[in-house]
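[1] Got a sequence here, can you model it:
(one chain, ligands or ions: 1)
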Amino acid sequence: MARRMLIAGNWKMNGLRQSLGFLEEIRPAAHSRRNVDVLLAPPATLIVSAAEIAGPVKIGGQDCHIHPSGAHTGDISAEMLRDAGASYVIVGHSERRADHGESSELVRAKAEAAQAAGLVPMICVGESESDRREGKAEAVVGEQLHQSLPGSTAYVIAYEPVWAIGTGLTASLDDIAAMHAFIRSKLPDGATTQILYGGSVKPANAADILSLNDVDGALVGGASLKAADFGAIIEAAP
Ligand code: PEP
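    Numbers count the residues shown, from 1 in each chain. Below is the predicted model:
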């Protein structure tokens, strides 16, 4: 079965209720692309309202706790995200790995919690600039996969080179193609698992990146904050 395209927006810690007009604006692009799934991960405060007006757009969380409930002040469980209207959750984003010291073992536990709650985890992996400079990119990503993947293969992978996130730098098409093929070769269900690329995807580079064989979509940060840019990326998917 052919893998569907998935264009996902990660708003990070951006967005107020007034920002949700965005969903109206991208609806024509989301509707017109029948072979492309569109996902928006707004901050948790907006998930309920976003889900009510999302139409064809899927809604995701940006992180979840490993437990379904309990004494964990400030945390949000996968079950809560699901209850709020999410169907996906991003886990292991490099900003969580860096800012909150999240290990790959914790990311795996979060992915398992997401699956148990009926969410699809989007598991992020990616090497640092020094890893790539030192020729260790595949080794680092391979190890992250090895430690972060749950037993059940109901997940999406996002390959995001850390040095390309929010910097305006993108990996070269050759490097993206090589890393995606490498990741696919390491996955137990490689033929059917969606692998997204993330790292400064924008309207100007989306068509080239999304046309690569092993790229099944994009995880978009900065350019997902503007409906016109995000809509153009949806339109750029083959
Ligand atoms: C991200 O945070 O997942 C991301 C890819 O950000 P940006 O598109 O801004 O590089």
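
[2] And the strands in the protein?
    5-10, 36-41, 58-61, 88-91, 120-125, 156-159, 195-198, 217-220 (DSSP state E).

[3] Sketch out the low-pLDDT regions of this structure for me.
    Scanning the chain for pLDDT under 70 picks out 1.

[4] Near the ligand, which residues of it? Just list them.
    Residues of the chain lying close to the ligand by CB under 6 Å from any ligand atom are 10, 160, 165-166, 198-201, 219-223. Where C-beta positions appear, they are placed from N, C-alpha and C, glycine not excepted.

[5] same thing but 8 Å
    Proximity of the chain to the ligand, by CB under 8 Å from any ligand atom, involves residues 10, 12, 90, 93-95, 124, 158, 160, 164-168, 198-202, 218-224.

[6] Of those, which count as buried by neighbour count?
    Buried subset of these (neighbour count, 16 or more other CB atoms under 10 Å): 10, 12, 90, 93-95, 124, 158, 160, 164-165, 198-202, 218-224.

[7] mind listing the helices in the chain by residue range?
    With helices called from DSSP state H, the chain shows them at 21-32, 47-53, 78-84, 94-99, 104-116, 129-133, 137-148, 173-186, 203-210, 227-236.

[8] Relative to residue 3, which of these is closest?
    Across the helices of the chain, the minimum distance to residue 3, taken as CB to CB, is reached by helix 173-186, at 10.1 Å.

[9] just to revisit the earlier point, could the strands of the chain go into CSV alongside distance to residue 107?
    Shown next, in CSV, are these (distance: least, CB to CB, whole Å):
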stretch, distance to residue 107
strand 5-10, 16
strand 36-41, 16
strand 58-61, 14
strand 88-91, 5
strand 120-125, 7
strand 156-159, 12
strand 195-198, 15
strand 217-220, 15
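
[10] So which of those is nearest residue 141?
    strand 120-125 (5.1 Å).

[11] looking at it, residue 131 is touching residue 140, isn't it?
    Yes: Residue 131 lies in contact with residue 140 (CB atoms under 8 Å); the separation is 4.6 Å.

[12] Any chance of the backbone angles for the residue in the chain positioned nearest to the ligand?
    Residue nearest to the ligand within the chain: residue 221 (2.2 Å; CB to the nearest ligand atom). For residue 221, the backbone dihedrals are phi -90, psi -90 (criterion: degrees, to the nearest 10).

[13] Spatially nearest residue to it (excluding sequence neighbours)?
    residue 10 (5.2 Å; CB to CB, 6 or more residues apart in numbering).

[14] Any idea what the one you found is bridged to?
    Note on residue 10: beta-bridge partners by DSSP bridges are residue 41.

[15] ok, now which ones touch it?
    Counting by CB atoms under 8 Å, 6 or more residues apart in numbering, residue 10 makes contact with 41, 62, 90, 93, 198, 219-221, 224.

[16] Identify, from these, the entry nearest to residue 25.
    When the contacts of residue 10 are compared against residue 25 (criterion: CB to CB), the nearest one is residue 224, at 12.0 Å.
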